[in-house]
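# only geometry, no sequence info:
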């Protein structure tokens, strides 16, 4: 019997239960490490949950800019409204964020700087980094089902301006993503904590079904702190707290034996990541259909084959 081909984006629940999802998240962590190595300053600047939310919101407003719509695009007021409306940041935090981006030359004033309200736009390095982030997320989804999302984006880069705002708004408006589980938040709401979490995920293999913990090897705190340009003391405190909270545990009797990631914490983290991946997948489908770029069956294998 011929299998029915139906285009349907993964739900967060689908992703969390998928046997290959952990590999997709590990794949993304590897790709994000490459983004960090290519531009450490930008990666560190955005490696916290609040700055992630602010950067996605800022890009969404920029990508939605329409010359025919007065006051559209990225302005301080519109960014404030978007993030303060969901309690993602304060008004002062928004202003400081844009000022820092402008100072680091990740953002610049678009058009006439004397015109009010001033409209901002990302510089080329920021656009490249956000495009790479989206491409990596789509490629990670492709790892699960052999789809062609990443190749489609590369062939049709105009999709970026449709996918990113839709996915950003979905995640920003979803409290489950904005406010991660407490143990996940412990990493993501601290300076460079997102980089540390990605490093832990890079070390995760395919856990056995009955495994309570996953070996992630020995952590060289000095080397990791130097790579991410963070305080070694801060990193050690973060790891110590993660052990106390049951996220990590020592493999053997001594620290020289390395660390293990606890399975319940891994599942918690994967559940949180699934929310964002589901938003990206849905936004990709919607963008492709809007531009009539491809038939549903060409985007990914049959739903019955997943």
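Alright, I've got the coordinates. Quick caveat, the model's predicted, so the values are computed rather than measured.
# and the strands in the stretch 201-306 of the chain?
Per DSSP state E, counting those that start in this stretch, the stretch 201-306 of the chain carries strands over the ranges 213-217, 248-250, 259-262.
# any chance of those in a markdown table, plus mean pLDDT and distance to residue 269?
Placement of C-beta: from N, CA and C, glycine included. As requested, those are arranged in a markdown table below (pLDDT from 0 to 100; distance: least, CB to CB, whole Å):
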| stretch | mean pLDDT | distance to residue 269 |
| --- | --- | --- |
| strand 213-217 | 92 | 12 |
| strand 248-250 | 94 | 12 |
| strand 259-262 | 94 | 9 |
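# right, and those - which one's nearest residue 90?
Residue 90 lies closest to strand 248-250 among the strands of the stretch 201-306 of the chain, at 32.1 Å (CB to CB).
# picking that back up, and residue 124, which of the strands of the stretch 201-306 of the chain is closest to it?
strand 213-217 (35.9 Å).
# what are the buried residues along the closest one?
Neighbour counts over strand 213-217 (16 or more other CB atoms under 10 Å) mark 213, 214, 215, 216 as buried.
# same check, this time on stretch 197-209
Buried residues in stretch 197-209 (16+ other CB under 10 Å): 197, 198, 199, 200, 201, 202, 203, 204, 207.
# got the confidence number for the fifth one?
Put plainly, it is residue 201. Listed pLDDT for residue 201 reads 96.
# swap in the first one?
According to the per-residue confidence, residue 197 scores 95 in pLDDT.
# surely it touches residue 186?
No - the criterion here is CB atoms under 8 Å, and residue 197 misses it with residue 186 at 9.5 Å.
# how far away is residue 165 from residue 228?
The spacing between residue 165 and residue 228, counted by CB to CB, to the nearest Å, is 29 Å.
# more crowded one of the two?
residue 228 (23 against 20; other CB atoms under 10 Å).
# distance of the more buried one from residue 19?
31 Å.
# distance to residue 68 added to the buried residues of strand 213-217, as JSON lines?
Below are the buried residues of strand 213-217 laid out as JSON lines (distance: CB to CB, whole Å):
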{"residue": "213", "distance to residue 68": "56"}
{"residue": "214", "distance to residue 68": "52"}
{"residue": "215", "distance to residue 68": "56"}
{"residue": "216", "distance to residue 68": "52"}
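# nearest to residue 57, of those?
Of the buried residues of strand 213-217, the one sitting nearest to residue 57 (CB to CB) turns out to be residue 216, at 32.5 Å.
# touching, that closest one and residue 259? I think so.
Yes - between residue 216 and residue 259 there is a contact at 5.5 Å, judged by CB under 8 Å.
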